[in-house]
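Engineer: sharing a model prediction with you, sequence too.
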Amino acid sequence: MAGHSKWAQIKHKKAQTDARKGKVFAKTVREISVATKLGGRDSGKNPRLRSAIERAKEVNMPYENIKRAMMKGAGELPGTTYEEVIYEGYGPGGAAILIEVLTDNKKRSVSEARHILSKNGGSLGEVGCVSWMFEKKGYILVEKLRIDEDTLMSGVIEAGAEEMINDPKEDNYEIITSPEDLDRAKEAIEKQGIPVAIAEITMLPKSYVQLEGQTVKQMIRLIEALEDNDDVQNVYTNFDMPEEAMALR
C-alpha cells in the first residue's frame, strides 16, 4: 500500500493548504447535500454524511453552511439536484484512474473530464475498464512515532481492522478496514490518545503501476487538473512513484 500512502499524504497536504477555499467549500456542500439525500440527516446512522461533515470541519466550514447543505439535501430548502457518476480512464504510463463526480449536467461533466484527460496525456475509457482494479475500503494513516506497532495492531484488530501494514520505508502505519468498520477502528486509536493523520473511505488499488521521471509530474498535473474541476469530488489512481519524487512535492 506504499503507493497509496504517498498519494494520500500529497492529497491531504494539498487540502490543508489549498487557498481556494471557495471551491473546497462548494464541493463539500455538494457532498453533504447528496449524502443527506441518500442516507438521511442522522450522521450517526449515515457514515457518508458523517465523513462529509468531518471534512467540512477540517476546512473550517461554518456550521451554518453545513446545516443549510443538509437542509437542501433533505428537501427542506430549494437547491440544485446532483447525480453521482463515475468515469474511468487511463493516465500517462497506463495508470488507471477513477473519477467520482457529482453533477447537474452529465454531458458537461463527461466532456470536461475527457478534455482534461486528453490534454494531460490520458484518455477516457469505457465503463468497467479499470474499476475492477480497485476495492472500496476504509483507510487510516498513523505516524509511527506516535505509537509502537504491537500496541496499535492489537487495538485496531479488536476494532475490526482487516489489515495493518508496516512498510519499513514509510513513516506511517496503514490500517485497512471495511467501509463499515472505519469509524470503529478510528475511535479505537483515538481512545489511546493517538492522533489519526488520515481516515477516509477510499478506493484502494489491488496493484500499482510504477511511474518515474517526467511521467510522474505529468500524472500529478493530470490528477490536480481533474480535482480542480467543480464537478469532480474524488480521483483515485493506482500509480506509485519513487521516494525522490515524493520529496519534491
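Structural biologist: Perfect, thanks for sending it. Residues are numbered from 1 along each chain as shown.
Engineer: where does pLDDT dip in the protein?
Structural biologist: The chain contains residues with pLDDT under 70 at 1-7, 9-21, 243-249.
Engineer: all strands for this protein, in order.
Structural biologist: 83-90, 96-103, 123-124, 134-143, 163-165, 172-177, 198-205, 209-210, 232-237, 239-240 (DSSP state E).
Engineer: neighbouring strands - and their directions - for the last one?
Structural biologist: Sheet partners assigned to strand 239-240 using DSSP bridges are listed as strand 209-210 (parallel).
Engineer: repeat for the second one
Structural biologist: Sheet pairing here is set by DSSP bridges, and for strand 96-103 it gives strand 83-90 (antiparallel), strand 232-237 (antiparallel).
Engineer: and those as JSON lines, adding distance to residue 146 and mean neighbour count?
Structural biologist: For glycine as for every other residue, the C-beta is placed from the backbone atoms N, C-alpha and C. What follows is the strands paired with strand 96-103, written out as JSON lines (distance: least, C-beta to C-beta, whole Å; neighbours: other C-beta atoms under 10 Å):
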{"stretch": "strand 83-90", "distance to residue 146": "35", "mean neighbour count": "17"}
{"stretch": "strand 232-237", "distance to residue 146": "27", "mean neighbour count": "22"}
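Engineer: closest one to residue 68 among those strands?
Structural biologist: strand 232-237 (18.8 Å; C-beta to C-beta).
Engineer: endpoints of stretch 52-70, how far apart?
Structural biologist: Stretch 52-70 has its terminal residues 11 Å apart, counting by C-alpha to C-alpha, to the nearest Å.
Engineer: which among the strands of the chain is found nearest to residue 77?
Structural biologist: Of the strands of the chain, nearest to residue 77 by C-beta to C-beta is strand 96-103, at 17.5 Å.
Engineer: just the C-alphas of the closest one, formatted as PDB.
Structural biologist: Included here for strand 96-103 are C-alpha records, laid out as PDB according to Å, rounded to 0.1, in the frame of the first residue of the first chain:
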ATOM      1  CA  ALA A  96      -5.700   3.500 -14.000                       C
ATOM      2  CA  ILE A  97      -7.900   6.400 -12.900                       C
ATOM      3  CA  LEU A  98     -11.400   6.500 -11.300                       C
ATOM      4  CA  ILE A  99     -13.100   9.900 -11.200                       C
ATOM      5  CA  GLU A 100     -16.100  10.400  -8.900                       C
ATOM      6  CA  VAL A 101     -18.400  13.200 -10.000                       C
ATOM      7  CA  LEU A 102     -21.400  15.000  -8.500                       C
ATOM      8  CA  THR A 103     -23.100  16.900 -11.400                       C
END
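Engineer: select the longest helix from this structure.
Structural biologist: helix 21-39 (DSSP state H).
Engineer: flag every buried residue along it.
Structural biologist: Neighbour-count burial for helix 21-39, with 16 or more other C-beta atoms under 10 Å as criterion, is recorded at 24-25, 27-37, 39.
Engineer: and stretch 59-68, by the same measure?
Structural biologist: 61, 66, 68.
Engineer: go on, stretch 218-234?
Structural biologist: So for stretch 218-234, counting by 16+ other C-beta under 10 Å, buried means 218-223, 225-227, 229, 231-234.
Engineer: neighbouring contacts of that stretch?
Structural biologist: Under the criterion C-beta atoms under 8 Å, 6 or more residues apart in numbering, residues 10, 14, 23, 26-27, 30-31, 91-93, 95, 97, 99-103, 108-109, 112-113, 116-117, 119-122, 202, 211, 235, 237, 239, 249 lie in contact with stretch 218-234.
Engineer: ok now it, how far from the chain's centre?
Structural biologist: Offset of stretch 218-234 from its chain centre (C-alpha atoms, centre = their mean, to the nearest Å): 12 Å.
Engineer: switch the strands paired with strand 96-103 over to TSV; also include distance to residue 163.
Structural biologist: TSV is the format used below for these (distance: least, C-beta to C-beta, whole Å):
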stretch	distance to residue 163
strand 83-90	25
strand 232-237	19
